[in-house]
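Chemist: Sharing a sequence plus its predicted fold:
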Protein chains: 2
Amino acid sequence: MSEPRWLDAAQQRDWRAYIEGSVRLADLLDRDLKAKHGLTTAEYEILVRLSEAPERRLRMAELAEYASQSRSRLSHTVARLECKGLVSRGTCGDDKRGVNAELTEKGFAFLEQAARDHVATVREYFIDVIDPDDLKAVGRAFSAVAEQVAKAR
Amino acid sequence: MSEPRWLDAAQQRDWRAYIEGSVRLADLLDRDLKAKHGLTTAEYEILVRLSEAPERRLRMAELAEYASQSRSRLSHTVARLECKGLVSRGTCGDDKRGVNAELTEKGFAFLEQAARDHVATVREYFIDVIDPDDLKAVGRAFSAVAEQVAKAR
DNA sequence: ACGGAATAGTTGAAACTTCAATCACGTTGC
DNA sequence: GCAACGTGATTGAAGTTTCAACTATTCCGT
């Protein structure tokens, strides 16, 4: 059992500030999206990724990757979105194991409304309260984190 | 329906970097803690707060506040921790509605082990991959976010 | 061309979180 | 002193996520 390098006071403050701020922000965004549009953040994220894909369609595995979700979770979530009529599933031409998820017209229209509100909330509680230079730093920091986590697997 | 102020390209890049990085980091920390110690992040957070409280004891409502959890969630989570023998519950002397959660000896010993590993992982995937100035900026940014979210209620 | 290993995706059960209702106690005002 | 309201905490059910097992298809080596 080796002696750990503990965090110094400043590092600990910054880390905790991040944990608290991010948890509370995520909570708020979830509630907001749920109250106004009946969507979870995970569902919203899926709709966004689909809307940006060519033909508004992606294979499940790619969608899982872009939305940072496990495949199992994606299956369940897309099933729910399909029930709501926002997404449809169809088999892939070239690989018969594959499944394409596609944003329906209804899904696209729905997302347009949700995105307006969501962006406004993200501005109000995140973008607009952070100093522009600090925001850039946040971008750099979490890009590095994402990369490091990706390396781990 | 008013026209929203969309994010500019840089803001969007930074926001998405944050979302992706934070989701993946949270996933990794969760798995790590679960694999090595059988704890969820929520449970770990509770143990940490209790360990820092005077007498290693807090009222449920305070604990909920410090751990950024709903009271309901806390009840369930503490119930689980109680089953594992890491926390015990007792009534409050002065207010008979109140309940004190207290870290047991076993809980404290358990946490010491878990904290070593957790800190090492936080270092490896967060602290040590972020430029020190950027880390300070992250601290400032999320302090501001937490404050703004708190204002909303 | 065959068998084994890898990949894509789904499924059901268990674990966890959220939501609304509830219980118990405390506080206020009449 | 007690009725109405507020607060602290728990409960059970419904919804969501994780985990492990499973089906179907494709890839690879011989």
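Modeler: Arrived safely, thanks for sending. Numbers count the residues shown, from 1 in each chain, chains lettered A, B, ... in the order given.

Chemist: going forward, measure contacts and count neighbours with C-alpha atoms only.
Modeler: Fine.

Chemist: Could you say which helix or strand holds residue A:138?
Modeler: Secondary-structure assignment from DSSP states H and E places residue A:138 in helix A:132-152.

Chemist: Spell out which parts of chain A neighbour DNA strand D.
Modeler: A:39-40, A:42, A:69-70, A:72-73, A:76-77, A:80, A:94-97 (Cα under 7 Å from any atom of the strand).

Chemist: Can you turn the buried subset of those into a selection I can paste into PyMOL?
Modeler: Burial among the residues of chain A next to DNA strand D is assessed by 16 or more other Cα atoms under 10 Å in any protein chain shown; the matching PyMOL selection reads:
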select buried, chain A and resi 39+40+42+69+77
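
Chemist: For chain A, give the residue positioned nearest to DNA strand C.
Modeler: residue A:61 (3.2 Å; Cα to the nearest atom of the strand).

Chemist: what separates the longest helix anywhere in chain A from the chain centre, distance-wise?
Modeler: Longest helix in chain A, counting residues (DSSP state H): helix A:9-37. The chain centre lies 14 Å from the centre of helix A:9-37; the measure is Cα atoms, centre = their mean, to the nearest Å.

Chemist: what's the following helix or strand after it?
Modeler: As assigned by DSSP H and E, the chain's next helix or strand after helix A:9-37 is helix A:41-52.

Chemist: is DNA strand C contacted by stretch A:13-21?
Modeler: No. Using Cα under 7 Å from any atom of the strand, we find that stretch A:13-21 stays clear of DNA strand C, coming within 14.0 Å at best.

Chemist: Mind listing what's buried along that stretch?
Modeler: Taking 16+ other Cα under 10 Å as the criterion, stretch A:13-21 shows A:13, A:14, A:15, A:17, A:18, A:19, A:20, A:21 as buried.

Chemist: ok, that stretch near chain B or not?
Modeler: Yes. Using Cα under 8 Å from any Cα of the partner chain, stretch A:13-21 reaches chain B at A:13, A:14, A:15, A:17, A:18, A:20, A:21.

Chemist: Figure out the helix or strand that residue A:101 lives in.
Modeler: Residue A:101 belongs to strand A:99-103, assigned by DSSP H and E.

Chemist: about what we covered before: what does the helix holding residue A:138 rub up against?
Modeler: Contact with helix A:132-152 is made by A:127, B:11, B:13-15, B:17-18, B:20-22, B:24-25, B:28, B:125-126, B:129-131, B:134-135, B:137-138, B:140-141, as judged by Cα atoms under 8 Å, 6 or more residues apart in numbering or on different chains.

Chemist: who touches the spatially most central residue of chain A in this structure?
Modeler: When Cα atoms, centre = their mean is applied to chain A, the residue found nearest the centroid is residue A:45 (4.4 Å). Residues near residue A:45 by Cα under 8 Å, 6+ apart: residue A:67.

Chemist: Out of the buried residues of stretch A:13-21, flag the one nearest to residue B:116.
Modeler: Nearest to residue B:116 out of those is residue A:15 (Cα to Cα; 15.6 Å).

Chemist: Quick check: closest non-adjacent residue to the closest one.
Modeler: Among residues not flanking residue A:15 along the chain, residue B:139 sits closest, at 6.8 Å (Cα to Cα, 6 or more residues apart in numbering or on different chains).

Chemist: From DNA strand D, how far out is the one you found?
Modeler: As for residue B:139, its distance to DNA strand D is 25 Å (criterion: Cα to the nearest atom of the strand, to the nearest Å).

Chemist: next one: phi and psi at the closest residue to residue A:34 other than its chain neighbours?
Modeler: Once flanking residues are discounted, residue A:34 sits nearest to residue A:40: 5.8 Å by Cα to Cα, 6+ apart. Reported as degrees, to the nearest 10, the phi and psi values for residue A:40 are phi -90, psi 160.

Chemist: Neighbours of the residue of chain A closest to DNA strand C, how many?
Modeler: 17 (other Cα atoms under 10 Å in any protein chain shown).

Chemist: Return the residues in contact with it.
Modeler: residue A:71.

Chemist: Tell me the helix or strand right after the helix or strand hosting it.
Modeler: Assigned by DSSP H and E, residue A:61 belongs to helix A:60-66. Counting by DSSP H and E, the next helix or strand C-terminal to helix A:60-66 is helix A:71-83.

Chemist: so what does that next one touch, helix or strand wise?
Modeler: Applying 3 or more Cα pairs under 8 Å, 6 or more residues apart in numbering or on different chains; DSSP states H and E, one finds that helix A:71-83 makes contact with helix A:41-52, helix A:60-66, strand A:87-91.

Chemist: Does DNA strand C have contacts with the first one?
Modeler: No. Helix A:41-52 stays clear of DNA strand C (Cα under 7 Å from any atom of the strand), getting no nearer than 11.2 Å.

Chemist: and that helix, which residues are buried?
Modeler: A:41, A:42, A:43, A:44, A:45, A:46, A:47, A:48, A:49, A:50, A:51.
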